[in-house]
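J.: predicted model, plus sequence, below.
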Amino acid sequence: MKLVIVESPTKIKSLTKYLGAGYDVQASMGHIVDLPKSKMGVEIKKIGNKSFEFVPEYGVVKGKSDQVKRLKTAAKRADSIILATDPDREGEAIAYHVGNLLGEGKKVSRITFHSITKEAILEALEHPGKLDMAMVDAQQARRVLDRLVGYELSPVLWRKVRRGLSAGRVQSVAVRLIVEREGEIEAFKPVEYWEIRVEVVKQTGKKEGLWLELMKVFGKKASVGNAKTAAMYVEDLKSAEYKVSLVEKKERKAYAKPPFKTSTLQQAAANVMGWTSKKTMTVAQSLYEQGNITYHRTDSLNLAPSAVELIRKFIGSEFGAEYVPAEPNVYKTSTKVVAQEAHEAIRPTDMNMGTNSFVGSGEMGRDQEKLYGLIWRRTISCQMKPAVFDSVRVDVSAEGEKVYTLVARGETMKFDGWRKLYRSQVSGDRDQEQILPEMNKDEELDFKDIKSEQKFTLPPPRYNDASLIKELEKRGIGRPSTYASIVATIIARRYVDRKERKFYPTSVGKAVVEFLVKNFPVEMEYEFTAKMEEDLDDIARGKQSWQAMLSDFYGPFSKQLDQVKDKSERVGVEAEKTGKKCPECGQGDVVIREGKYGKFLSCSRFPECKYTGKLIEYVEGVVCEKCGGKIMVKKTRTGREFFGCENYPKCDWASWKRPVVPGQEESNKEAGDESRGEDESGE
């Protein structure tokens, strides 16, 4: 009997049906050996003047004793042990600890597969290998590094900012991004500008109107910054003489987007379905364990040649040969990929299984169907021909008291290509611009109408799940398997709030970032954090010692810690004022503070005055559509925000979506909201 160890019980069913008799499949249920939760669990030994050695204190995870007993019993019955945990650093570390715990006196081998299919599993069994200790070391280095930062820096935050706070090497940098973006928004000053558009018609033939946008005045970029200037231009343009100065026609191609990797899948799910990164990874995990998709933690954009061949055959039979490119489309990742982890992009395991194969079958839940459909469309479309457009630009000269240049652009789709499957079925097609009438250079046109509209520049948008992950990846901070946990952690620690799918820094988050940037400027630099990730990658490649890497970091870090403990100034958490006086003492102001369980009302004279109250947030200007009561911001028992009527339980109106004042929907849409982008690509 051969004992096969996987991570989750879901995989037991999948593997058992492929392996048959002679195999016993058991699950480790994640880590069974790990660092303790109650203490740092790393002994630090000083070697010489500048070097350190780190000794992790591993032990059986609390609550896993019964699981360990079951695995040991199964191991005694087995002739050999096959470690089949996930094909990444975390999976390699789990396999290492399981092997050490169960493998004494047994033949132990390691297999990896990137999809739970019969073909992949049998192929892996035919080519068993050994544990990749470089990847084990990389995972161990990350765990120890995070312990060093978390357990040694958190007590400093307790003393210098507020009790109960904790610090994280990558999470703190992510919060810094959000805090700095909020600072940009707060400091932003809108600039007024006016958009002027003129409608002209041809002098002969059909009197089709053509809208032109003012671009230049006397050959320089038009700058219309106030109503007076706008009115002057409008009056002049009404009586100006219009003539075509340029007609430019060209063909434009829009190429298919690459298949999903972990980061772009999370971004797409956030943009299209409003999912958090944590939810996306949870659903993707279930799809992988059920054998529906390849492994979902990957930086690779590669597709197996056999999969590409099947995709091309499917495209030809489903859409026609004109949609199949002469050669397969090849994509290269822009990020550094560790060789051992450079497997495939995320794709369905069966190219012929579209979403219709699962809808109503009971094999997938609703969320699984949604995510699988996204992955399936992206995978098929990435091997289709580009979409082709006829693009036309017309420049028109208008001569009055001044000489103006106005521009019209038009575009029509000649061939939909990959968009036949992907864009049109998911987010609509907005590529069809106005169709321009046939025009010739020097052709004269007649004025028909003019519109002048006041506008203001907008501040940069707040980060959401998609844009934050995109920024982290762009800066080289974190890795595919860590993005979801980074976002979940900074929310759980109440350093940021997620409202309407956008991230807002809390007063605690601002204070923590202020303190860390001031006192740990090197460790809080984006480039430094990215360099640490590269070092971890080098360890995984076998190019660097994990002990040496940690020693190089810990020496300067520990010295800085000692200085900050003694010399740094305390940073206070700024309380938000409500404009009301304390109802208890009458002297202090009622302010909004943040505690362990969220925001609450308090007196600014605390601790002299102990007044506290429940914070009730209303959605301004919105009334309940059922009873006319005020709409309140509420939270579920798990902390998820929703909106409900103040007259509950008499009125049961509630919504997950923030209601808006009727008539303001369009203005809200224009205010830099990234939460529901039209493009699901994540690129």
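T.: Arrived safely, thanks for sending. Residues are numbered from 1 along each chain as shown.

J.: state the distance from residue 325 to residue 351.
T.: Distance, residue 325 to residue 351, using Cβ to Cβ, to the nearest Å: 16 Å. Where you see a C-beta, it was placed from the backbone N, CA and C, and this is true even at glycine.

J.: those two: which has the busier surroundings?
T.: residue 351 (21 against 16; other Cβ atoms under 10 Å).

J.: just the CA coordinates for stretch 94-105, please, in CSV.
T.: Taking Å, rounded to 0.1, in the frame of the first residue of the first chain, the C-alpha atoms of stretch 94-105 are listed here in CSV:
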residue,chain,number,x,y,z
ILE,A,94,4.3,21.3,4.1
ALA,A,95,5.6,18.2,2.3
TYR,A,96,9.0,18.7,4.0
HIS,A,97,7.5,18.7,7.5
VAL,A,98,5.1,15.8,6.7
GLY,A,99,8.0,13.8,5.4
ASN,A,100,10.1,14.4,8.5
LEU,A,101,7.2,13.5,10.8
LEU,A,102,6.1,10.3,9.0
GLY,A,103,8.9,9.1,6.8
GLU,A,104,11.3,7.4,9.3
GLY,A,105,12.2,4.0,7.8
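
J.: report the distance from the helix or strand hosting residue 45 to the chain centre.
T.: In the assignment (DSSP states H and E), residue 45 maps to strand 42-47. What separates the centre of strand 42-47 from the centre of its chain is 37 Å, taken as Cα atoms, centre = their mean, to the nearest Å.

J.: other SSEs contacting it?
T.: Counting contacts by 3 or more Cβ pairs under 8 Å, 6 or more residues apart in numbering; DSSP states H and E, strand 42-47 is packed against strand 51-56, helix 133-160.

J.: okay, now the sheet partners of it, with direction.
T.: Here strand 42-47 has these sheet partners by DSSP bridges: strand 51-56 (antiparallel).

J.: so the strand it pairs with versus helix 133-160, what angle?
T.: Relative orientation of strand 51-56 and helix 133-160, computed by axes from the mean of the first three to the mean of the last three Cα atoms, to 10 degrees: 100 degrees.

J.: list the contacts of residue 469.
T.: Listed by Cβ atoms under 8 Å, 6 or more residues apart in numbering, the contact set of residue 469 reads 263, 266-267, 270, 277, 483, 487.

J.: in helices, which of the residues you listed appear?
T.: Those of the contacts of residue 469 mapping onto helices are 263, 266-267, 270, 277, 483, 487, per DSSP state H.

J.: closest to residue 97 among the residues you listed?
T.: residue 483 (24.7 Å; Cβ to Cβ).

J.: how much space between the closest residue in space to that closest one that isn't next to it in sequence and residue 479?
T.: Spatially, and ignoring its direct neighbours in sequence, residue 483 is nearest to residue 469 (4.9 Å; Cβ to Cβ, 6 or more residues apart in numbering). Relative to residue 479, residue 469 is positioned 11 Å away (Cβ to Cβ).

J.: for residue 656, same thing?
T.: According to Cβ to Cβ, residue 656 and residue 479 sit 31 Å apart.

J.: does the residue nearest to residue 483 sit in a helix or strand, and which one?
T.: Per DSSP H and E, the secondary structure element for residue 469 is helix 465-474.

J.: list the buried residues of that helix.
T.: Going by neighbour count (16 or more other Cβ atoms under 10 Å), the buried part of helix 465-474 is 465-473.

J.: and residue 29, that's in a strand?
T.: No. Looking at residue 29 with DSSP: H, G, I helix; E, B strand; the rest coil, it is coil, so not inside a strand.

J.: contacts only, for the nearest residue to it once chain neighbours are set aside.
T.: Leaving aside its chain neighbours, residue 29 sits nearest to residue 67 (5.6 Å; criterion: Cβ to Cβ, 6+ apart). Taking Cβ under 8 Å, 6+ apart, we find residue 67 in contact with 28-29, 32.

J.: just say helix, strand or coil for residue 67.
T.: helix.

J.: is it true that residue 587 touches residue 611?
T.: No. Shown here, residue 587 and residue 611 do not form a contact pair, counting by Cβ atoms under 8 Å, at 10.6 Å.

J.: those two: which is more packed in?
T.: Comparing residue 587 with residue 611 by other Cβ under 10 Å, the one with more neighbours is residue 611, at 16 against 12.

J.: how are the strands of the stretch 401-550 of the chain distributed by residue range?
T.: For the stretch 401-550 of the chain, the strands defined by DSSP state E, counting those that start in this stretch occupy 403-415, 444-456, 496-499, 502-505.

J.: and the helices in the stretch 501-650 of the chain, which stretches?
T.: For the stretch 501-650 of the chain, applying DSSP state H, counting those that start in this stretch gives helices covering 507-519, 526-540, 546-567.
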